[in-house]
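Curious how this folds, go ahead:
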Amino acid sequence: MQRKALPFPIGRLELTFLMASLMALNALAIDIMLPGLGFMSDDFALPSVNDRQWVITSYIYGMAIGSILHGSLADRFGRKPVLLVCTLIYVAFAIFCAFAWDYQLLLIGRFVQGLAASAMGVLVNSIIRDRYEGDEMARSMSTIMMVFMIVPITAPLLGQMVLLVAPWNGIFVVLAAAGLAAFLWVLFRLPETLHPDDKTPIHPKAIGSAWYQVIFNRNSFGHVLASGLMMAPLFAYIASAQQIFFDIFDAGDIFVFVFALNAAAMSLGNFANSRIVMRFGARRVSQSALICFILVSIIHFILAMTGGINIWTFSALLVPSMAMVGLTGANFSSIAMQPFGKIAGVASSFQNFARSTLSAVIGASIGLQFDGTVRPIAIGFLVCGIASLALIFWAEEGRLFRRVQIGVTRDALAKIDSL
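Now for the predicted structure:
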């Protein structure tokens with residue numbers, strides 16, 4: 001007997017912008033901070049220039065750890081209630097950070113804000129998986145990412161504009177306002193996408209079974225780990241970007257514009273992906289982009305190690321690198337999520353946890369190696385790119401550039417379920 005479909009009163013365009021706005025809360029909470037890191041360092045009299053990176057890193061760690069929680073809750077209670085609660089927590093701790101009088105308190109507030117904000121990434125994946133599958137899901141995620149990238153493009157400039165009229169605390173007031181707007185949009189417009197028949201109890205055995213399926217699906221988990229490695233150097237770059245442009249290149253006056261150019265390149269990559277993924281398939285597009293990423297990283301590495309890099313070559317090399325990240329991210333995520341329709345919430349949650357933890361730990365390690373040169377970043381980009389390709393080769397059992405039909409993935413999942 002075919003079950004009745006859930007009513008879905010909002011159109012695809014509004015869903016795209018709503019999902020992009022939810023994801024943008026994370027990007028805003030990171031990128032809007034960058035112009036203010038130096039002021040925070042001065043106000044709190046931080047002993048090391050690298051200590052300012054923890055404003056970014058503590059938030060990313062919170063996102064990583066929080067990812068493990070929200071999927072199970074969303075599979076039990078639905079996507080919408082979890083989104084509403086987490087968005088309110090995001091707003092509350094943005095206000096908390098605005099009034100933090102101690103650096104440790106600020107970092108605690110950022111960590112908790114990241115815990116709540118991780119629901120955005122987890123549940124956007126789950127909601128889109130509830131609605132679409134296969135290459136159609138990859139196209140939808142790419143469109144969402146393309147719209148979402150407007151925020152990383154403009155966030156540093158917005159942060160700099162806030163600093164013209166207010167101290168760094170005002171940045172957190174902007175975050176609270178953005179979170180409140182997202183809360184109201186979800187409250188009044190987003191329908192529940194989880195079918196009542198797919199609700200699962202919060203039970204250790206059920207969660208453990210779902211995690212088992214995620215971990216032991218070789219193809220899926222390989223793509224999760226590969227995407228984590230691709231995000232690691234990006235996080236390292238974001239955390240140390242203010243130091244790179246201000247301290248190494250003495251180019252603080254063009255920082256927000258170069259950063260916007262990098263984000264625009266990622267957006268262009270996502271736009272291109274949304275146009276070509278249905279024709280060529282998520283695997284062919286993402287694997288080709290990954291190889292291009294490695295080739296650009298080799299050039300970056302050689303120039304960085306030989307001292308032949310300046311603000312212009314550094315910025316020029318980042319543009320294709322970011323575009324390739326845009327071409328891999330949505331595709332890796334959609335491939336990893338494909339087998340897990342009925343457990344999309346807990347699967348997305350665990351995948352985000354694994355992806356974010358890996359990228360946070362490695363990204364923080366790269367960023368904290370900042371030594372007044374761009375060598376740590378260049379090395380990080382190259383090593384992570386090669387390791388990501390190795391994981392994809394393992395996940396695909398050496399068969400790159402193939403196009404897998406949806407039924408093939410479901411057959412693979414059926415084999416796991418029968419164990």
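
CA only for contacts and neighbour counts going forward, please
Will do.

Can you check the pLDDT for residue 142?
pLDDT, residue 142: 74.

what do you get for residue 410?
The predicted local confidence for residue 410 is 43.

Report the secondary structure state of residue 398.
coil (DSSP: H, G, I helix; E, B strand; the rest coil).

what are the phi and psi angles of it?
Main-chain torsions, residue 398, degrees, to the nearest 10: phi 80, psi 0.

Quick check: the gap between the residue nearest to residue 340 when sequence neighbours are not counted and residue 353.
Excluding its sequence neighbours, the residue lying closest to residue 340 (CA to CA, 6 or more residues apart in numbering) is residue 347, at 6.6 Å. From residue 347 across to residue 353, the span is 10 Å (CA to CA, to the nearest Å).

helices or strands next to the lengthiest helix in the chain in the packing?
Longest helix in the chain, counting residues (DSSP state H): helix 103-131. Using 3 or more CA pairs under 8 Å, 6 or more residues apart in numbering; DSSP states H and E, the elements in contact with helix 103-131 are helix 12-31, helix 54-77, helix 79-98, helix 134-148, helix 344-367.

Dump those helices to JSON lines, plus distance to residue 174 and mean neighbour count.
Output for the helices and strands packed on helix 103-131, formatted as JSON lines (distance: least, CA to CA, whole Å; neighbours: other CA atoms under 10 Å):
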{"stretch": "helix 12-31", "distance to residue 174": "9", "mean neighbour count": "21"}
{"stretch": "helix 54-77", "distance to residue 174": "16", "mean neighbour count": "25"}
{"stretch": "helix 79-98", "distance to residue 174": "9", "mean neighbour count": "21"}
{"stretch": "helix 134-148", "distance to residue 174": "17", "mean neighbour count": "25"}
{"stretch": "helix 344-367", "distance to residue 174": "25", "mean neighbour count": "26"}
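
Ok, which of those comes nearest residue 154?
Within these, the stretch nearest residue 154 is helix 12-31; the backing value is 8.7 Å (CA to CA).

Tell me the first helix or strand C-terminal of that closest one.
Next helix or strand after helix 12-31 toward the C-terminus (DSSP states H and E): helix 37-43.

Now do that next one: distance to the chain's middle.
From the chain centre to the centre of helix 37-43 is a distance of 26 Å (CA atoms, centre = their mean, to the nearest Å).

From the contact counts, what lies against it?
By 3+ CA pairs under 8 Å, 6+ apart, helix 37-43 packs against no helix or strand.

shouldn't residue 145 be in contact with residue 20?
Yes. Residue 145 lies in contact with residue 20 (CA atoms under 8 Å); the separation is 6.5 Å.

How about the secondary structure of the closest residue to residue 25 other than its chain neighbours?
Spatial nearest neighbour of residue 25, chain neighbours left out: residue 179 (6.8 Å); criterion: CA to CA, 6+ apart. State at residue 179, reduced to three classes by three-state DSSP: helix.

on contacts alone, who are the packing partners of the helix or strand containing residue 336?
Element membership for residue 336 (DSSP H and E) is helix 311-337. In terms of contacts (3+ CA pairs under 8 Å, 6+ apart), helix 311-337 is packed against helix 134-148, helix 218-243, helix 255-280, helix 282-306, helix 344-367.

mean confidence score for stretch 306-318?
91.

right, I mislabeled it, should have said stretch 16-27
pLDDT averaged over stretch 16-27 gives 90.

Give me the residues contacting stretch 229-237.
325, 355, 358-367, 377, 380-381, 384-385, 387-388 (CA atoms under 8 Å, 6 or more residues apart in numbering).

List the contacts of residue 16.
140, 143-144, 147.

at 7 Å what do you get?
residue 144 (CA atoms under 7 Å, 6 or more residues apart in numbering).

now it: how far from residue 334?
16 Å.

Quick one: end-to-end length of stretch 160-180, please.
22 Å.

Report the buried residues of that stretch.
160, 162-163, 168-176, 178-180 (16 or more other CA atoms under 10 Å).

what comes into contact with that stretch?
25, 29, 35-36, 39-40, 87, 90-91, 94-95, 97-98, 159.
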